[in-house]
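Colleague: My questions concern the predicted model and sequence given below.
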Amino acid sequence: MTDLDDLLDGLSDAQREAVLAPAPVRVIAPAGSGKTLVLTRRIAAQIRLGAVRPRTSAALTFTRAAALSLRQRLARTLDTTLPITTTIHGAALVWLSELARLEGKALPPVVESETLVRAALPNLSPAEHAAVRAALRGQRPTSPAHEAHVRAVHELRRRRRVIDLDSIVGELARQLERQPERRGLIGIEALFVDEFQDSTPDQLRLFRALLGPDLAGLTVVGDPNQSIYGWNGADPNVLTDLEPPGLRTVTLTTNYRSRDELVRHATRILDPQPHVRGARPGGRPPTLRGYATPEREARALVRELGGLHALGVAWRAMAVLSRTTRALEPVTAALEAAEIPAVVLGRTRTVSAMLARLRSLRDRRATVGHLIDELSSMQVDDPSHQHELDQVRDIAIELHRVDPLADLATFQEILEQRLARRLDAVTIATFHKAKGLEWYHVHVLGVGERALPHPRARTSAQREEERRLLYVAMTRATDSLSVSWHGGGPSPFLAPIVGDRAPLRPTPSAAARGAVARQRALRHALVAQRARLARSFAIAPSMLLSDESIETFVRTPPRCADDVVAHLTRVPPARRRAVARAIWACVSAPADS
């Protein structure tokens, strides 16, 4: 076995090319194509090959949750020092602070951009406020009025001698552009950028300032069809228009998450349609249904989820997604009335209560760093509660490590996602919050002609972003998908898949029953394999592999042995890979066999 065999194990030809290609590299990775796996393996492979050094490399993500996940994957894959792994804003803050320190100065106080904009321009409409925020992140102002607004914010920032979060990346780029020799003080030779379709023009300026105009050490991974943060200053053209000298583009075309029938229907709503196929054959088309009122839509959804649960689908394997939080309210009420357990991402009472103490002691600027201090001083009597507290503190420490700017809202979101995976409850979320997650069955509701595109999406670019949002929501489903609307016809985005076929009532089909039977067989096989392996270690089966991990593998079978390793915390490190391979062999047979 060579030094790279374990990193190439289980990868497709296209994924291997993405892992091994010399930089600069652009990887187009559609939904479910193993983007994070490829990025993790590429970073590890380039370090092992000696093409990059960990101390002069940075892996940058768009969100803190993604940075936390990537760092944990790298820690399991690499035996060496890890590269810098954080958000783009987190890295920019650290580098700005370092440049200031080397000059014997202190970085100006960092303030929330929203606070600064409201102080400078208290009478802005929500749309104008969003436009100013986007301009602060590097997007070109769309009118002379917006230019004047941005100048007013810059002037207030200068008078107060502060720097706002939206301007951190642009400020670092400007400093390095004015004094290119300072690049060596930061010492970055290689950048690996995740979700590059969400990058802003200022971020691309920073990458050029760090690596040089040729971007020789750049790797970017992204999907233009999942660019959903235009309101945040992101520009999907940054990914598609990237053309440094010697750039190699690798396009992944296989979705390993969803059934092929779901992939085929989801891609049909895009224009132009990407060439993507599902690695898992078969499946059934999405169920489509219109209702007179949101209440009727919610009641039908409750019947649908109840029917699937009666067939053996766990509550945690189902999700309800909508474009807006308000559209989720009738569903939340209907699920509660039906006594169906549900977790609303962004509203989990348990997590909110835990953070209430800190909010009562700190002001709105409280960060995860403050939370760590508070958690460290907390004492509990029940040992099981102490274990939970320790887990929460560990998550906070890891998040603070990847981004010192992480706030309580970010921490709450990450904690809620983990809680939703642990509890047997239906997940309720907006399209934006669902990105990066997956479930066996997804119901996308409120996809009506007056709701999607959102009424505020007035330009063609904004409407296309709404189309991509729907695509992101639909591709969260692995096996079963329902789409519904109320009070009129379906969204125009659904026209390619509605066609002439009559919308169907969302009831469990023979295909769904067959999928449940396959899951049941896989669950039995995993339990039996776990028992055999546990006997060889003379430990309880649940200590070798938890029931929660088995349910995770039943919903989404691991792609390779690496995906199993992280679940084997009680197995001696020297034996983990062998045990992981044995478990993976148990689930790697074709899904329909």
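Modeller: Nice, I can see it.
Colleague: can I assume residue 313 sits in a strand?
Modeller: No. Using DSSP: H, G, I helix; E, B strand; the rest coil, the assignment for residue 313 is coil, not a strand.
Colleague: i'd like the first residue to be 13 from this point on
Modeller: From this message on, residue numbering opens at 13, which makes the last subject residue 325.
Colleague: Relative to residue 267, how far out is it?
Modeller: 21 Å (CB to CB, to the nearest Å). In short, each C-beta sits where N, CA and C put it, glycine included.
Colleague: Same question for residue 384.
Modeller: Here residue 384 is placed at a distance of 38 Å from residue 267 (CB to CB).
Colleague: Run through the stretch 313-462 of the chain and note the low-pLDDT ranges.
Modeller: Within the stretch 313-462 of the chain, the stretches with pLDDT under 70 are 358-383, 385-403, 414-422, 424-425, 428-434.
Colleague: Next up, the contacts around residue 70.
Modeller: 95, 96, 97, 98, 103, 200, 202, 203, 204 (CB atoms under 8 Å, 6 or more residues apart in numbering).
Colleague: ok, the fifth one - how many residues close by?
Modeller: Think residue 103. 27 (other CB atoms under 10 Å).
Colleague: Test my guess that it contacts residue 71.
Modeller: No. Counting by CB atoms under 8 Å, residue 71 is not a contact partner of residue 103; they are 9.5 Å apart.
Colleague: Residue 384 and residue 267: who's more crowded?
Modeller: residue 267 (25 against 18).
Colleague: Can you check the pLDDT for the closest residue in space to residue 256 that isn't next to it in sequence?
Modeller: Sequence neighbours aside, residue 227 is the residue nearest to residue 256 in space, at 4.1 Å (criterion: CB to CB, 6 or more residues apart in numbering). Note on residue 227: pLDDT of 93.
Colleague: Would you confirm that residue 227 contacts residue 258?
Modeller: No. Applying CB under 8 Å as the test, residue 227 and residue 258 come out as separate, 9.3 Å apart.
Colleague: any shared contact partners between those two?
Modeller: residue 36.
Colleague: between these two, who's got more neighbours?
Modeller: Using other CB under 10 Å as the criterion, residue 227 and residue 258 rank with residue 227 on top: 22 against 11.
Colleague: dump the residue contacts of the more buried one.
Modeller: So residue 227 contacts 36, 219, 220, 254, 256, 259 (CB under 8 Å, 6+ apart).
Colleague: change it to 10 Å
Modeller: By CB atoms under 10 Å, 6 or more residues apart in numbering, the contact list for residue 227 reads 35, 36, 203, 216, 219, 220, 254, 255, 256, 257, 258, 259.
Colleague: For the nearest residue to the fourth one once chain neighbours are set aside, grab the count of nearby residues.
Modeller: Yep, that's residue 216 we're talking about. Spatial nearest neighbour of residue 216, chain neighbours left out: residue 250 (5.4 Å); criterion: CB to CB, 6+ apart. Per other CB under 10 Å, the neighbour tally for residue 250 reads 21.
Colleague: Residue 250 and residue 207 touch, don't they?
Modeller: No. Look at residue 250 against residue 207 with CB atoms under 10 Å: they stay out of range, at 11.2 Å.
Colleague: Pull up the overlap in contacts between these two.
Modeller: With contacts defined as CB under 10 Å, 6+ apart, the residues adjacent to both residue 250 and residue 207 are 232, 234, 239.
Colleague: Pull up the pairing partners for the lengthiest strand in the chain, direction included.
Modeller: Counting residues, the longest strand in the chain under DSSP state E turns out to be strand 489-498. Sheet pairing for strand 489-498, assigned by DSSP bridges, gives strand 299-303 (parallel), strand 451-456 (parallel).
Colleague: So which other helices or strands are in contact with the helix or strand immediately after that strand in the chain?
Modeller: Next along the chain after strand 489-498, taking DSSP states H and E as the criterion, comes helix 507-510. Contacts defined by 3 or more CB pairs under 10 Å, 6 or more residues apart in numbering; DSSP states H and E place helix 507-510 against helix 272-280, strand 299-303.
Colleague: winner for burial among those?
Modeller: Greatest average neighbour count among those goes to helix 272-280 (a mean of 22), per mean count of other CB atoms under 10 Å.
Colleague: which SS class is residue 336?
Modeller: Per three-state DSSP, residue 336 ends up coil.
Colleague: Quickly note the distance from the nearest residue to it once chain neighbours are set aside to residue 412.
Modeller: Leaving aside its sequence neighbours, residue 336 sits nearest to residue 442 (CB to CB, 6+ apart; 6.6 Å). Shown here: residue 442 relative to residue 412, a distance of 26 Å by CB to CB.
Colleague: Next: residue 458.
Modeller: From residue 458 to residue 412 the distance is 37 Å (CB to CB).
Colleague: Looking at the two, which is more packed in?
Modeller: Higher neighbour count among residue 458 and residue 412: residue 458, with 25 against 20, using other CB under 10 Å.
Colleague: quick one: which helix or strand includes that one?
Modeller: If you go by DSSP H and E, residue 458 is not part of any helix or strand.
Colleague: Let me see the contact set for it.
Modeller: Counted by CB under 10 Å, 6+ apart, residue 458 has contacts 306, 309, 332-336, 338-340, 342-343, 464, 495-499, 503.
Colleague: Check which residues of stretch 236-253 are buried.
Modeller: 236-243, 245-248, 250-252 (16 or more other CB atoms under 10 Å).
Colleague: What is the burial count for residue 68?
Modeller: So residue 68, with other CB under 10 Å, has 14 neighbours.
Colleague: just the one 4 residues further on next, same as before
Modeller: For residue 72, the neighbour count with other CB under 10 Å is 28.
Colleague: if we can go back for a sec, ok, which pair from the contacts of residue 70 is furthest apart?
Modeller: Within the contacts of residue 70, two members stand farthest from each other by CB to CB: 98 and 202, at 14.7 Å.
Colleague: Looking at those two, which is more packed in?
Modeller: Neighbours were tallied for residue 98 and for residue 202 using other CB under 10 Å; the higher tally belongs to residue 98 (26 against 23).
Colleague: What residues of stretch 160-169 count as buried?
Modeller: Using 16+ other CB under 10 Å as the test for burial, stretch 160-169 gives 161, 162, 165, 168, 169.
Colleague: Which one of the buried residues of stretch 236-253 is nearest to residue 534?
Modeller: Set against residue 534, the nearest of the buried residues of stretch 236-253 by CB to CB is residue 238 (28.9 Å).
Colleague: Can you tell me, leaving aside adjacent residues, what's nearest to that closest one?
Modeller: Distances taken as CB to CB, 6+ apart place residue 484 nearest to residue 238, at 5.5 Å, with adjacent residues excluded.
Colleague: Can you verify my assumption that the one you found contacts residue 210?
Modeller: No. Counting by CB under 10 Å, residue 484 stays clear of residue 210, with 11.8 Å between them.
Colleague: Comparing these two, which shows the higher neighbour count?
Modeller: residue 210 (27 against 21).
Colleague: now the more buried one: how far from residue 139?
Modeller: Relative to residue 139, and taking CB to CB, residue 210 is found at 21 Å.
Colleague: same question, residue 101
Modeller: Residue 101 is 24 Å from residue 139, by CB to CB.
Colleague: which of these two has more neighbours?
Modeller: Ranked by neighbour count (other CB under 10 Å), residue 101 and residue 139 place residue 101 first, with 21 against 10.
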